[in-house]
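Participant: model this:
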Amino acid sequence: MRLDRFLSNLPRFNRKQVRLLLAQRRVTVDGTAVSDPLHEVLAFSCVRVDGEILQAGTPARYFMLHKPQGCVSATCDPQHRTVLDLLDEPHKDALHIAGRLDYNTTGLMLITNDGQWSRRLTQPATKLPKVYRVETEQDIGPDYAATFKAGLYFAFEDLITQPAELELLGPRTARLSIIEGRYHQVKRMFGHFDNKVIALHRERMGPLHLDAALAPGAYRALTDEEIRLV
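Facilitator: Numbers count the residues shown, from 1 in each chain. Below is the predicted model:
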């Protein structure tokens with residue numbers, strides 16, 4: 001939200017007062033005096049007027065986790081261990097998962113409290129690829145790649161999947177890149193050929209690759225550069 005609009009929405013200031021406050025540089029955002037009315041105020045911004053806090057702000061947090069098998073992509077579950085159970089962080093209840101994985105699917109998982117950031121990463125409209133390493137029960141035929149690129153009809157959702165890229169790594173191993181996240185999408189795509197997926201591992205989401213140094217169940221904070229990539 002624009003800074004002038006943020007201030008005007010508060011019952012204590014009218015538009016004239018807001019213009020004066022900004023002109024006198026009495027408003028700070030994250031510790032910096034701001035006079036530009038178009039300055040963007042985020043949910044995590046700390047906004048003060050004459051030192052008085054109007055919005056305390058909450059630090060944005062971003063984590064990369066190597067999800068192991070046998071773990072649910074949820075913030076809480078009465079029966080199973082969740083990915084948040086793997087994090088030794090305060091106030092975990094404020095975090096959410098950007099792009100879920102099935103119970104036995106492994107690989108890159110991103111966890112944050114920044115809703116705008118996670119939406120940019122996961123919404124199909126952004127067309128950021130989700131890249132998986134797939135192992136199948138039977139050989140992967142030469143017609144798979146063309147079929148996935150053309151799109152498959154999913155009757156349950158009554159839609160055709162977006163074009164997907166398939167790279168064959170071995171007779172029964174491939175790398176699949178999709179831009180959606182439909183229910184069990186990868187398994188259903190290979191199921192079109194009656195070929196069961198026996199192992200599924202997410203390697204990448206958009207520009208973010210799983211850190212090879214992270215063992216299953218381990219995590220780390222994202223770097224500033226990684227956060228800015230999304």
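Participant: From now on I want contacts and neighbour counts done on CA atoms only, so please keep to that.
Facilitator: Noted.
Participant: can you list the domains in the protein?
Facilitator: Residue ranges for the domains of the chain, per the TED database: 3-55, 62-224.
Participant: Can you check which of these gets nearest to Val230?
Facilitator: Closest to Val230 of the domains of the chain is domain 62-224 (Cα to Cα; 6.4 Å).
Participant: now the domains of the chain as TSV including mean neighbour count?
Facilitator: Formatted as TSV, the domains of the chain follow (neighbours: other Cα atoms under 10 Å):
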stretch	mean neighbour count
domain 3-55	16
domain 62-224	17
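Participant: can you redo the ones you listed as a markdown table with distance to Val230 and mean pLDDT?
Facilitator: Formatted as a markdown table, the domains of the chain follow (distance: least, Cα to Cα, whole Å; pLDDT from 0 to 100):
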| stretch | distance to Val230 | mean pLDDT |
| --- | --- | --- |
| domain 3-55 | 16 | 92 |
| domain 62-224 | 6 | 94 |
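Participant: and the longest strand for the chain?
Facilitator: Using DSSP state E, we find that the single longest strand of the chain is strand 197-205.
Participant: Can you name the element that comes right after it?
Facilitator: Downstream of strand 197-205, the next assigned helix or strand under DSSP states H and E is strand 208-209.
Participant: Which neighbours in the sheet does that following strand have, and how are they oriented?
Facilitator: strand 197-205 (antiparallel) (DSSP bridges).
Participant: how distant is the longest strand of the chain from the center of its chain?
Facilitator: Relative to its chain's centre, strand 197-205 lies at 16 Å (Cα atoms, centre = their mean, to the nearest Å).
Participant: Then stretch 118-128?
Facilitator: For stretch 118-128, the distance to the chain centre is 8 Å (Cα atoms, centre = their mean).
Participant: ok, residues contacting it?
Facilitator: With contacts defined as Cα atoms under 8 Å, 6 or more residues apart in numbering, stretch 118-128 is touched by 98-99, 112, 179-181, 205-207, 230.
Participant: now with 7 Å?
Facilitator: 98-99, 179-180, 206, 230 (Cα atoms under 7 Å, 6 or more residues apart in numbering).
Participant: Would you mind measuring the gap between the ends of that stretch?
Facilitator: In stretch 118-128, first residue to last residue: 12 Å (Cα to Cα, to the nearest Å).
Participant: what pairs with the spatially most central residue of the chain across the strands?
Facilitator: Nearest to the geometric centre of the chain sits Ala98, at 3.1 Å (Cα atoms, centre = their mean). Counting by DSSP bridges, Ala98 is bridged to Leu110.
Participant: Verify the contact between it and Leu108 for me.
Facilitator: No - with contact defined as Cα atoms under 7 Å, Ala98 does not count as touching Leu108 (10.3 Å).
Participant: any residues in contact with both of the two?
Facilitator: Joint contacts of Ala98 and Leu108 (Cα under 7 Å, 6+ apart) do not exist.
Participant: Is Leu169 in a helix, a strand, or coil?
Facilitator: strand (DSSP: H, G, I helix; E, B strand; the rest coil).
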